[in-house]
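Trainee: what would the 3D arrangement of this be:
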Amino acid sequence: MPEQRARTYHRNRVAQTFSEEIGAMLEGELSDPRIAPSYVTEVVLAPGGKSARIFVAVHGSEDEEASTLEGLTTAKAYIRSQLRDRMGVRHIPELTFAIDRSEKMTGRMDELLARTRKREDKRAAAAQPVSVQTSDLPTPSKP
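Mentor: Residues are numbered from 1 along each chain as shown. Below you'll find the predicted structure:
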């Protein structure tokens, strides 16, 4: 049975609201020193609405990513209570945080593709036959 459009629309609105509210909390309301500068990239809500996965991009090293994930996991109850108060709903799904590394992966892939193109251009230039005009050749001298 296909899912109704109203449910999908509602779930997308809730996910967008979660993204905005958690993003606002990350900008300044969470005072945990473990949380590095970061932002919410995506919120995936389960079809039943019982759980949500929040993808967070962190500006910094892998150590900062790990500490940020640890800090967000610790602050999960506070975030849920703030969402409940701000949204005015009874039920807030169980939150799971994950680090989004897609931008770093995209940058690395672009770098590798640029190297490959550069290497192919060098090979094509080396394999291209050199045309020599007969006027450029030295004329043999007769003894």
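Trainee: low-confidence bits of the protein, can you list those?
Mentor: Applying pLDDT under 70 to the chain flags the ranges 1-3, 129-143.
Trainee: just give the closest residue to the residue most central in space within the chain, not the sequence neighbours.
Mentor: What sits nearest the mean C-alpha location of the chain, by Cα atoms, centre = their mean, is S102, with 3.3 Å. Nearest non-adjacent residue to S102, counting by Cβ to Cβ, 6 or more residues apart in numbering: T41, 7.3 Å away. Backbone N, C-alpha and C define where each C-beta goes, glycine included.
Trainee: in contact with the one you found: list those residues for me.
Mentor: T41 sits next to F55, V56, A57, D100, S102 when contact means Cβ atoms under 8 Å, 6 or more residues apart in numbering.
Trainee: please flag which of the residues you listed sit within helices.
Mentor: Filtering those for membership in helices, criterion DSSP state H, returns S102.
Trainee: would you list the contacts of T41 in CSV and tack on distance to E111?
Mentor: Putting the contacts of T41 into CSV (distance: Cβ to Cβ, whole Å) gives the following:
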residue, distance to E111
F55, 23
V56, 24
A57, 18
D100, 19
S102, 15
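Trainee: quick one: the helices in this protein?
Mentor: Going by DSSP H, the chain shows helices at 5-24, 62-74, 76-87, 102-127.
Trainee: tell me the most buried of those helices?
Mentor: Using mean count of other Cβ atoms under 10 Å, the stretch among those with the largest mean neighbour count is helix 62-74, at a mean of 16.
Trainee: was I right about L30 contacting T74?
Mentor: No: L30 sits out of contact with T74 when judged by Cβ atoms under 8 Å, with a separation of 9.8 Å.
Trainee: shared neighbours of the two, anything?
Mentor: Counting by Cβ under 8 Å, 6+ apart, nothing touches both L30 and T74.
Trainee: now do the same end-to-end measure for stretch 32-42.
Mentor: 22 Å (Cα to Cα, to the nearest Å).
Trainee: check the offset of that stretch from the chain's centre.
Mentor: Relative to its parent chain, stretch 32-42 has a centroid offset of 13 Å by Cα atoms, centre = their mean, to the nearest Å.
Trainee: buried set for that stretch?
Mentor: By 16 or more other Cβ atoms under 10 Å, the buried positions in stretch 32-42 come out as I35, A36, S38, V40, T41.
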